[in-house]
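Novice: Below are the sequence and a predicted model for it; my questions follow.
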Amino acid sequence: MFEKIRKHMVWDHILFRHYLEDGEEILFVAHKHWIKLVAVGVKTAVFGFLLPWTMWYFFPGIFWAALIWTVAFWFYFLYHFLDWYFDVWIATNASVIDIEWRGLFHHLSSRISYAEVREVSYEIKGIINLILRYGDTAIGMATGGKIELCSAANPRKVSLRITEIRDHYLSEQKITQSDALQSLLGDMVSRHIEDRGIRIRQQ
């Protein structure tokens, strides 16, 4: 059922594997939209490349200063890229993991079991958001709490995928519980027959 979801996720499995429990498998990763990187990319290109090397053209003596300035700006872009990439929801075969990246040495992670998920909703505001297909996605929990992934890429797809995985998980849980109950009842009947035998009531 989830073969299409698992495609092209090798890189995600490598980067996010330390968030997983034993036997847990990533089925879907929801990222923020790339539009959040555009402003940072433009700033890096203008102030980290165009400006210093234009000045170097007119003042060749500032080569090393221009180079250091460029490297510093590309580290600035890398930092924001990592911030974008690691602010995610990870839907596994057991739960949804909400990861918030607040810096190189500050990561927050919380886990929501599918049994706690009451609903998955999304909201797209504005014509630009509608055209580029990004908006906010939220998971409402049975306890009344809520987690959000703001500016998610294709929030409708995120909502549908997580709902699909949750429904599949709950369906499997019901089957497992039903099989366990039938097995328990079967054991009780067998034990009763062994202890007391079968009595046939005569009319």
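Specialist: That came through, no problem. These numbers were taken from a predicted model, which means no experiment stands behind them.

Novice: can you map out the strands along this protein?
Specialist: Remark: strands assigned in the chain by DSSP state E are 26-30, 88-92, 95-101, 107-113, 117-123, 134-141, 146-153.

Novice: Double-check Leu37 against Phe81; I have them as touching.
Specialist: Yes: Leu37 is in contact with Phe81 according to C-beta atoms under 8 Å; the separation is 6.5 Å. For every residue, glycine as well, the C-beta is placed using N, CA and C.

Novice: wait, which of the strands of the chain is closest to Leu67?
Specialist: The minimum distance between Leu67 and the strands of the chain falls on strand 95-101, with 28.7 Å, by C-beta to C-beta.

Novice: Met119 bridge partners, please.
Specialist: One correction, residue 119 is Glu, not Met. Gly140 (DSSP bridges).

Novice: Near it, how many other residues are there?
Specialist: Neighbourhood size, Glu119 [other C-beta atoms under 10 Å]: 13.

Novice: likewise Leu104?
Specialist: With other C-beta under 10 Å as criterion, Leu104 counts 9.

Novice: can you check the one 5 residues further on too?
Specialist: Taking other C-beta under 10 Å as the criterion, the count of residues near Ser109 is 13.

Novice: most neighbours per residue, which of the strands of the chain?
Specialist: strand 88-92 (a mean of 23; mean count of other C-beta atoms under 10 Å).

Novice: who's more crowded, Leu37 and Phe81?
Specialist: Per other C-beta under 10 Å, whichever of Leu37 and Phe81 has more neighbours is Leu37, with 17 against 14.

Novice: What sits closest to the more buried one if chain neighbours are left out?
Specialist: With C-beta to C-beta, 6 or more residues apart in numbering as the criterion, Leu37 has its nearest non-adjacent residue at 5.5 Å, and that residue is Trp84.

Novice: Tell me if I'm right that the one you found and Lys32 touch.
Specialist: Yes: assessed by C-beta under 8 Å, Trp84 is found in contact with Lys32 at 5.7 Å.

Novice: In the protein, what helix or strand scores lowest on average pLDDT?
Specialist: Least confident helix or strand, the chain: helix 3-6 with a mean of 47, by mean pLDDT, DSSP states H and E.

Novice: how about the helices of this structure, start to end?
Specialist: According to DSSP state H, the chain carries its helices in the segments 3-6, 10-16, 35-45, 51-58, 63-86, 127-132, 155-196.

Novice: Mind checking the pLDDT average for stretch 161-181?
Specialist: For stretch 161-181, mean pLDDT is 74.

Novice: Next, the contact list for Cys150, please.
Specialist: 32, 136 (C-beta atoms under 8 Å, 6 or more residues apart in numbering).

Novice: try Glu123
Specialist: Counting by C-beta under 8 Å, 6+ apart, Glu123 touches 135-136, 138, 155.

Novice: Now tabulate those in JSON lines and tack on distance to Leu108.
Specialist: Listed next are those as JSON lines, based on distance: C-beta to C-beta, whole Å:
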{"residue": "Gly135", "distance to Leu108": "22"}
{"residue": "Asp136", "distance to Leu108": "18"}
{"residue": "Ala138", "distance to Leu108": "17"}
{"residue": "Pro155", "distance to Leu108": "21"}
